[in-house]
Structure formats: structure tokens, C-alpha cells
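Visitor: Provided below for reference: sequence and predicted model.
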Amino acid sequence: MNKFRALDITLVGMFVALMAVGANITAIAPFLVVGGVPITLQTFFAILAGLILGSRLGTVAMIVYTLVGMVGVPVFAGFFGGFGIIVRPTFGFIISYILMTFIIGKIVEKYKSLPAFITAALIGMVINYLFGTNWMYYAYKLWAAAPDGFTYKMAWLWMVPPLPKDVILAVFAGILAFRLEKTVLSKGQFKNLKRAS
């Protein structure tokens, strides 16, 4: 595995910070919480991490973000931090960022077209929803206090409000990352960023 360059470390740190900001949009808009699930920009920034940083650095960024939060830094939704995050029903969404970023990165490392970038972004979003929602359902069923009448269908209904936003942002992320790939990321120190990934 290639050694991390100063640029790599900087980019990883930048996306960890962006994830923290995206997680806490609800701090200024508390109504963006539906069924206990905060509508945040984490998915958008996780998708961008995979598209821009590639599979290796993107995955590292999401792992670092998760670990930073687990050791107590308040980078999760609601400015939460600590090991207690693992028992929260929404922890599956956080774990999914690692998997989705890796897969997104692998796709765009192989295919460089705009449709590929958009497709990769949408695939990442689907992974986030599938993994996170199923984790949430089983968390409520096995150890968390489920609301009255909670069902698998209800878990998915909770995901309907953020769905349009996430689809639009995923497509936007694909377009934005593709544009950056053809401009900023193709010049200077950024030129071999994905190759090094």
C-alpha cells in the first residue's frame, strides 16, 4: 500500500470535517428529523468522498470519521460523540458510509464517464439506504425501544422524506465530481490522486 502523502492526509481530514458539518445541519433545522432519523448531508459528502478520493482514501476518510466520533468527538448527528453510538438505531447508516465509499471509488476508478459517476453515486445511495434501514429495523426489534406498532414497512416509510433530497444530491455529486475530475483533479498534485488510491 502506498504511503500517505501530506495531500492525502489533508483531503481525508477535509472530508471528516465535511461529514461532521453535514451531520449537524439539524442543529439549525431541528424539524429535519423524521421518525428519529435526521435528514442530513452526510450521505452527500460520503458519496463525494468516494467519487473524489477513490476507494482507498475515501474509505479511510469514512473510517477516520467513524472512529473520531466513537472516541467522543461530537461529529455525529445532534453533535453526538462516544462509543454509545453503536447501540443507536442509526449507527448502520454510519457504517454504510465505509462500504458505499469503497464501492463508489472502485466504480469511478474503472469508468471515467459522467454516466458512470452518476451511477456510482446512486449505487452508493442505495447501499446507504439498504444497509442503514435494515440495521435500524433490527436495532429497534432487538435492543432499542421501538415505537408502538413498529414494522419493517414503517422503517422504510421513515426513509421516504429524505429520499428525493438524497437522489437529487447524489446526481449533483456525480456531476460535480466529474467536473472536478476533468479540471482541478487533473492538474498539479491532484493528477495522480485516484491512481494512488
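Guide: Alright, I've got the coordinates.

Visitor: When you work out contacts or count neighbours from here on, use the C-alpha atoms and nothing else.
Guide: OK.

Visitor: for residue 149, helix, strand, or coil?
Guide: Using DSSP: H, G, I helix; E, B strand; the rest coil, the structure places residue 149 in coil.

Visitor: Can you give me the distance of it to residue 11?
Guide: Taking C-alpha to C-alpha, to the nearest Å as the measure, residue 149 falls 44 Å from residue 11.

Visitor: Next: residue 140.
Guide: 36 Å.

Visitor: next one: residue 148
Guide: 44 Å.

Visitor: What of residue 55?
Guide: Residue 55 is 13 Å from residue 11, by C-alpha to C-alpha.

Visitor: Just want to know which of the two has more residues nearby.
Guide: residue 55 (26 against 18; other C-alpha atoms under 10 Å).

Visitor: ok, and the closest non-adjacent residue to that one?
Guide: residue 105 (3.9 Å; C-alpha to C-alpha, 6 or more residues apart in numbering).

Visitor: Is there a neighbour count for residue 78? I'd like the number.
Guide: 15.

Visitor: My guess is it contacts residue 30. True?
Guide: No: the criterion here is C-alpha atoms under 8 Å, and residue 78 misses it with residue 30 at 9.2 Å.
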